[in-house]
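> For reference, the sequence and a predicted model appear below.
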Amino acid sequence: MAELKNRKMKFTGIWLLPILIRVGCLVEAILDPVDFLALQAIRKSLVDLPGSNFFQSWDFTSDPCTFAGVYCDGDKVVALNLGDPRAGSPGLSGRIDPAIGKLSALAELSIVPGRIIGPLPDTVSQSKDLRFLAISRNFLSGEIPASLGELRGLRTLDLSYNQLTGTIPPSIGSLSELSNLILCHNHLSGSIPPFISQTLTRVDLKRNNLTGTLLPATLPPSLQYLSLAWNQITGPVDRVLLNLDQLNYLDLSLNRFTGTIPGRIFTFPMTNLQLQRNYFYGVVQPANQVTIATVDLSYNRFSGEISPLLSTVQNLYLNNNRFSGEVPASFVERLLAASIQTLYLQHNYLTGIEISPAAEIPVSSSLCLQYNCMVPPLQTPCPLKAGPQKTRPTTQCNEWRG
């Protein structure tokens, strides 16, 4: 207690200058001693990378509320944006000091890309007003603290492009105000917890090691952006997708999803639909004309004839599936009119396409037809992965028809 009293005396003017803080108008106020000490601890644990001078203004003989990246309300720090926010700035290195949790009024915490190592201190959950937490493109390791679930007002959690391990704590799913969850490019494992927030609009979990299945109750209908690519998630998703009719971006690629996809998802207000490299099967039958710019269904087990309703897609990847029959005439019309930019149909069981061998494909468009149950009527450049064979062996085509 005596030591604390001595510290308070130092703050009241013996060793430090009075601190001016703007609250509506200029008044003389002293930064809360606890916040002052927390800022000092944070400064000691972090340094500028070569070429950065972010901490140049952090002179503790002056008002901390004038420091770069420090924002105050009254005698409390309410926002801390560490590092030069300009693109390409070198960033910071070091560790996040647990004293960050002493900033009890902190509502916003961000750190620019750099070389921050070590765990995210679970003391950060002591800042009960925290609404925005973004520390991406650093080298954070360890697990995501389950105590983050205590931040009842948290709206944005961005810990992407780090080296985090362990599971996504179920407590994160219990955050009722959460709007953005961005944990992509880590080493997270386990299943995705159910989310109760009805204002959740963005979930980006791509490039992790997530497993398990998705249940209809896992994701709320408010979602507009969903990326689960490059994981190991299994099972069907048809019932899940039917609930997400506000999606404008969906990427489920490179997983182990199975089952059919509902035709109604093609009516969602999406710009991108990425379902490639899974185990989806069945007929692809949109409910209406498709207005999605890019649809990638490649490397699955879809079958049946190609729907003419897909001809309005600008970039369509149907390659490496089991589609059969003739390519609808509407595709040829739109391709020659340069309305289709990419049409990949290679490695299927298609039997024909009504296009003249003398037709000129617009330079802005790409068409690949090789390795089907037909001789391509014209030669067009194909991706190297399509291989050298122009036509599928007759025995395979006969077996497929049989």
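Done, it's in. Residues are numbered from 1 along each chain as shown.

> Below-threshold pLDDT in the protein: ranges please.
Counting by pLDDT under 70, the ranges of the chain that qualify are 1-29, 402.

> report the longest helix in it, please.
If you go by DSSP state H, the chain has its longest helix at helix 33-45.

> Let me know the next secondary structure element after that helix.
strand 46-48 (DSSP states H and E).

> Not counting residues beside it along the chain, what's closest to residue 146?
Leaving out its chain neighbours, the residue that sits closest to residue 146 by Cβ to Cβ, 6 or more residues apart in numbering is residue 169, at 4.0 Å. For every residue, glycine as well, the C-beta is placed using N, CA and C.

> ok, back up a step: in the longest helix of the chain, which of the residues would be classed as buried?
Buried residues in helix 33-45, counted by 16 or more other Cβ atoms under 10 Å: 33, 34, 35, 36, 38, 39, 42, 43, 45.

> you'd agree the fourth one is up against residue 64?
Yes: shown here, residue 36 and residue 64 form a contact pair, counting by Cβ atoms under 8 Å, at 6.3 Å.

> Kindly export the longest helix of the chain (C-alpha atoms) in CSV.
Provided in CSV are the C-alpha atoms of helix 33-45 (Å, rounded to 0.1, in the frame of the first residue of the first chain):
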residue,chain,number,x,y,z
PRO,A,33,-2.1,5.9,-12.9
VAL,A,34,-3.1,2.3,-13.7
ASP,A,35,-3.4,3.2,-17.4
PHE,A,36,-0.1,5.1,-17.3
LEU,A,37,1.7,2.1,-15.9
ALA,A,38,0.1,-0.2,-18.4
LEU,A,39,1.3,1.9,-21.3
GLN,A,40,4.8,1.9,-19.9
ALA,A,41,4.7,-1.9,-19.6
ILE,A,42,3.4,-2.2,-23.2
ARG,A,43,6.1,0.1,-24.5
LYS,A,44,8.8,-1.9,-22.8
SER,A,45,7.7,-5.2,-24.4
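
> neighbouring contacts of it?
Under the contact criterion Cβ atoms under 8 Å, 6 or more residues apart in numbering, helix 33-45 has outside partners 7-8, 11, 55, 58, 60, 64, 67, 70, 75-77, 80, 82, 94-97, 99-100, 102-105.

> Just put the buried residues of helix 33-45 in CSV and tack on distance to residue 245.
Shown next, in CSV, are the buried residues of helix 33-45 (distance: Cβ to Cβ, whole Å):
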residue, distance to residue 245
33, 52
34, 48
35, 46
36, 50
38, 45
39, 46
42, 44
43, 48
45, 46
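
> Pull the most distant pair out of those residues.
Distance extremes for the buried residues of helix 33-45: the farthest pair is 33 and 45 at 19.1 Å, using Cβ to Cβ.

> tell me which element residue 140 falls in.
Going by DSSP H and E, residue 140 is part of strand 139-143.

> scratch that, residue 332 is what I was asking about
Here residue 332 sits within helix 329-336, counting by DSSP H and E.

> for residue 397, same thing?
Assigned by DSSP H and E, residue 397 belongs to helix 394-401.

> what comes up buried for that helix?
So, applying 16+ other Cβ under 10 Å, buried residues of helix 394-401: residue 397.

> Leaving out sequence neighbours, find the closest residue to residue 104.
Residue 104 sits nearest to residue 127 (Cβ to Cβ, 6+ apart), 6.3 Å away.

> That should have said residue 92, apologies.
Sequence neighbours aside, residue 114 is the residue nearest to residue 92 in space, at 4.4 Å (criterion: Cβ to Cβ, 6+ apart).

> Count the neighbours of that neighbour for me.
With neighbours defined by other Cβ atoms under 10 Å, the count for residue 114 comes to 25.

> Surely it touches residue 93?
Yes: the criterion here is Cβ under 8 Å, and residue 114 meets it with residue 93 at 6.0 Å.

> shared neighbours, these two?
Common neighbours of residue 114 and residue 93 (Cβ under 8 Å, 6+ apart) are residue 49.

> For the stretch 201-350 of the chain, just list every one of the strands.
Here the stretch 201-350 of the chain has its strands, by DSSP state E, counting those that start in this stretch, at 202-204, 209-210, 225-227, 234-236, 249-251, 256-259, 272-274, 279-283, 294-296, 301-305, 315-317, 322-327, 342-344, 349-353.

> Show me what the fourth one is in contact with.
Think strand 234-236. Outside strand 234-236, the residues that reach it (Cβ under 8 Å, 6+ apart) are 211, 212, 213, 214, 255, 256, 257, 258, 259, 260.

> ok so, going back, quick one: contacts for the residue nearest to residue 92?
Residues in contact with residue 114, defined by Cβ under 8 Å, 6+ apart, are 49, 83, 90, 91, 92, 93, 137, 138.

> Same check on residue 130?
Counted by Cβ under 8 Å, 6+ apart, residue 130 has contacts 106, 107, 108, 109, 124, 151, 153, 154.

> just residue 145 next, same as before
By Cβ under 8 Å, 6+ apart, the contact list for residue 145 reads 119, 120, 121, 122, 124, 125, 169.

> Can you say which of the residues you listed are buried?
Buried subset of these (neighbour count, 16+ other Cβ under 10 Å): 120, 121, 122, 124, 125, 169.

> just checking, the last one touches residue 157?
Right, residue 169. No: the pair residue 169 / residue 157 is not scored as a contact, 10.8 Å apart, by Cβ under 8 Å.

> Show me the common contact partners of the two, please.
Common neighbours of residue 169 and residue 157, using Cβ under 8 Å, 6+ apart, are residue 148.

> closest one to residue 180 among the strands of the stretch 201-350 of the chain?
strand 202-204 (4.5 Å).

> Using PDB, list the CA coordinates for stretch 386-395.
Extracted C-alpha coordinates of stretch 386-395, given in PDB (Å, rounded to 0.1, in the frame of the first residue of the first chain):
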ATOM      1  CA  ALA A 386      -5.900 -30.800 -68.200                       C
ATOM      2  CA  GLY A 387      -3.200 -33.100 -69.600                       C
ATOM      3  CA  PRO A 388      -2.300 -33.800 -73.300                       C
ATOM      4  CA  GLN A 389      -5.200 -36.200 -74.200                       C
ATOM      5  CA  LYS A 390      -7.900 -34.500 -76.300                       C
ATOM      6  CA  THR A 391     -10.500 -37.200 -75.900                       C
ATOM      7  CA  ARG A 392     -11.500 -39.600 -73.100                       C
ATOM      8  CA  PRO A 393     -10.900 -43.300 -74.000                       C
ATOM      9  CA  THR A 394     -14.000 -44.900 -75.700                       C
ATOM     10  CA  THR A 395     -14.100 -47.700 -73.100                       C
END
